[in-house]
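Q: A predicted structure for the sequence below; I have some questions about it.
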Amino acid sequence: MKHIDEYRDEKVISGMASTISRRKAAKPLKFMHVCGTHENAIARFGLRALLPEWIRIIAGPGCPVCICPTEDIDLASQIALEKKAAIVTFGDMMKVPATDGSLFDVKSSGGKIHVVYSPSDAVSMARENPYEEICFFGVGFETTAAPVAAAILSRPPDNFSMISSHRIIPPALELLLNRDDVAIDGFILPGHVTTVMGYSEYEDFPKKYGKGVAIAGFEPADVLLAILNLVEQVIEKDYKVFNCYRRSVTREGNRLAREAIQNVFEISDSRWRGIGIIKNSGLKLRTEFQKYDAVKKFQLRKEKESIDLNPGCLCHLIMIGKIEPPECPMFGKRCTPEFPYGPCMVSSEGTCRLHHGL
Ligand code: SF4
């Protein structure tokens with residue numbers, strides 16, 4: 001298949017769904033994807049309804065906005081309100097609840113918050129406003145970390161700084177694989193992250209954990225192909241990393257993007273909202289780029305404990321795939337896309353937001 005229409009062709013889709021249904025696994029299967037864009041595609045094209053009832057597809061911690069810890073949003077708010085610097089970030093971050101309110105609330109209180117589409121826009125803003133402090137609040141996984149690294153390598157001016165709230169996927173998968181209460185039969189890996197990083201770093205998973213891994217693109221046929229492949233891996237008990245997105249992903253990934261990330265960032269233990277600290281799962285600026293570290297530049301100190309989850313919010317269970325959104329008592333009542341009570345209701349990649357309606 002070459003063109004996007006072919007990946008959405010109804011005959012192709014229903015044929016693939018029938019093939020999956022005809023396969024016979026010895027037990028019900030639960031596959032997890034770790035990507036908000038996959039959840040978006042699954043919801044938009046109604047893929048769950050096409051699958052037999054013995055297959056469940058659950059969403060893992062794949063929405064970058066949802067897993068961004070409150071302490072990082074609190075730092076951004078502190079910079080905007082106390083240090084009078086401009087916080088520059090992606091639009092999805094605006095409504096995410098934090099300890100004393102969202103960045104939208106900070107803006108309403110007079111803090112300077114700007115929305116950009118790319119980190120290079122933030123660098124341009126710093127160049128164009130030399131007398132203003134511009135602080136980029138960077139969130140996201142490996143895919144977003146690559147352009148942020150490129151922006152840092154462009155040597156921004158001294159009035160530029162950043163909060164790095166970037167996370168990497170493999171340690172989160174290992175954490176989930178070590179939890180008996182989640183019991184996943186295989187992972188659908190995000191096509192964009194593996195386009196950047198390649199899939200070599202997942203090759204230990206099948207041997208070590210006896211679980212299948214399939215890399216998928218974002219069209220309905222891509223996702224169904226990954227599900228079919230995972231079902232076959234379970235039936236054959238032959239676990240491997242299978243690349244179902246060959247038109248974009250290679251084993252080695254994008255060498256230049258990987259090098260940029262490695263040159264600018266080093267691995268750190270990092271908090272995932274509602275999940276806690278995951279060892280070696282974050283990216284912090286290397287020593288040679290410390291002058292861009294906003295926490296150091298503004299000598300920020302934590303004044304009080306950050307609150308990741310509002311009372312009653314079950315986002316932590318949503319993010320590890322333990323419950324579905326309607327199981328949260330807040331869903332659609334106190335928590336809606338207009339007035340999100342928890343982070344999973346904010347972004348168009350958030351599981352609760354997608355269940356609520358696109
Ligand atoms: S419905 Fe709202 S509060 Fe409940 S888990 Fe989802 S985002 Fe969190």
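A: Alright, I've got the coordinates.
Q: need the residues of the chain near the ligand, please.
A: Proximity of the chain to the ligand, by CB under 6 Å from any ligand atom, involves residues 313-315, 318, 325, 328, 330-331, 335, 341-342, 344-345, 352. The way it works is simple: take the backbone N, C-alpha and C, and place the C-beta from them, glycine included.
Q: For stretch 186-205, measure first residue to last.
A: One end of stretch 186-205 to the other measures 10 Å (CA to CA, to the nearest Å).
Q: Likewise for stretch 177-192?
A: Stretch 177-192 has its terminal residues 22 Å apart, counting by CA to CA.
Q: Pull the distance from that stretch to the chain's centre.
A: In terms of CA atoms, centre = their mean, to the nearest Å, the centre of stretch 177-192 is set 14 Å apart from its chain centre.
Q: What residues sit buried inside that stretch?
A: Across stretch 177-192, burial judged by 16 or more other CB atoms under 10 Å covers 177, 182, 184-192.
Q: Out of these, which is nearest to residue 248?
A: Taking CB to CB as the measure, residue 248 sits nearest to residue 191 out of the buried residues of stretch 177-192, at 5.9 Å.
Q: Quick check, that closest one in contact with residue 216.
A: Yes: judged on CB atoms under 8 Å, residue 191 makes contact with residue 216 at a distance of 5.8 Å.
Q: Need the overlap of contacts for these two.
A: With contacts defined as CB atoms under 8 Å, 6 or more residues apart in numbering, the residues shared by residue 191 and residue 216 are 222, 245.
Q: Any of the residues of the chain next to the ligand buried? List them.
A: Among the residues of the chain next to the ligand, those scoring as buried are 313-315, 318, 325, 328, 330-331, 335, 341-342, 344-345, 352 (criterion: 16+ other CB under 10 Å).
Q: Would you mind giving these as JSON lines with secondary structure and pLDDT added?
A: Formatted as JSON lines, those follow (DSSP: H, G, I helix; E, B strand; the rest coil; pLDDT from 0 to 100):
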{"residue": "313", "secondary structure": "coil", "pLDDT": "95"}
{"residue": "314", "secondary structure": "coil", "pLDDT": "97"}
{"residue": "315", "secondary structure": "helix", "pLDDT": "96"}
{"residue": "318", "secondary structure": "helix", "pLDDT": "94"}
{"residue": "325", "secondary structure": "helix", "pLDDT": "94"}
{"residue": "328", "secondary structure": "coil", "pLDDT": "97"}
{"residue": "330", "secondary structure": "coil", "pLDDT": "96"}
{"residue": "331", "secondary structure": "strand", "pLDDT": "97"}
{"residue": "335", "secondary structure": "strand", "pLDDT": "97"}
{"residue": "341", "secondary structure": "coil", "pLDDT": "96"}
{"residue": "342", "secondary structure": "coil", "pLDDT": "96"}
{"residue": "344", "secondary structure": "helix", "pLDDT": "96"}
{"residue": "345", "secondary structure": "helix", "pLDDT": "96"}
{"residue": "352", "secondary structure": "helix", "pLDDT": "95"}
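Q: how about JSON lines for the buried residues of stretch 177-192, with secondary structure added?
A: Below are those laid out as JSON lines (DSSP: H, G, I helix; E, B strand; the rest coil):
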{"residue": "177", "secondary structure": "helix"}
{"residue": "182", "secondary structure": "coil"}
{"residue": "184", "secondary structure": "coil"}
{"residue": "185", "secondary structure": "coil"}
{"residue": "186", "secondary structure": "strand"}
{"residue": "187", "secondary structure": "strand"}
{"residue": "188", "secondary structure": "strand"}
{"residue": "189", "secondary structure": "strand"}
{"residue": "190", "secondary structure": "strand"}
{"residue": "191", "secondary structure": "helix"}
{"residue": "192", "secondary structure": "helix"}
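Q: Correct me if wrong: residue 98 contacts residue 80.
A: No: using CB under 8 Å, residue 98 is not in contact with residue 80, being 11.8 Å away.
Q: quick one, which of these two is more surrounded?
A: Ranked by neighbour count (other CB atoms under 10 Å), residue 98 and residue 80 place residue 98 first, with 25 against 22.
Q: tell me the SS of the more buried one?
A: coil.
Q: who's in contact with it?
A: Going by CB under 8 Å, 6+ apart, residue 98 touches 70, 73-74, 77, 306.
Q: Just the buried ones out of those residues, please.
A: Neighbour-count burial (16+ other CB under 10 Å) applied to the contacts of residue 98 gives 70, 73-74, 77, 306.
Q: Output those in JSON lines, with pLDDT and secondary structure appended to each entry.
A: Shown next, in JSON lines, are those (pLDDT from 0 to 100; DSSP: H, G, I helix; E, B strand; the rest coil):
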{"residue": "70", "pLDDT": "96", "secondary structure": "helix"}
{"residue": "73", "pLDDT": "97", "secondary structure": "helix"}
{"residue": "74", "pLDDT": "96", "secondary structure": "helix"}
{"residue": "77", "pLDDT": "96", "secondary structure": "helix"}
{"residue": "306", "pLDDT": "93", "secondary structure": "coil"}
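Q: Can you tell me which of the contacts of residue 98 lies closest to residue 171?
A: Closest approach to residue 171 among these (CB to CB): residue 70, at 20.1 Å.
Q: Let me have the buried residues of stretch 177-192 in CSV, extended by pLDDT.
A: Shown next, in CSV, are the buried residues of stretch 177-192 (pLDDT from 0 to 100):
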residue, pLDDT
177, 90
182, 81
184, 92
185, 94
186, 95
187, 96
188, 96
189, 95
190, 93
191, 94
192, 92
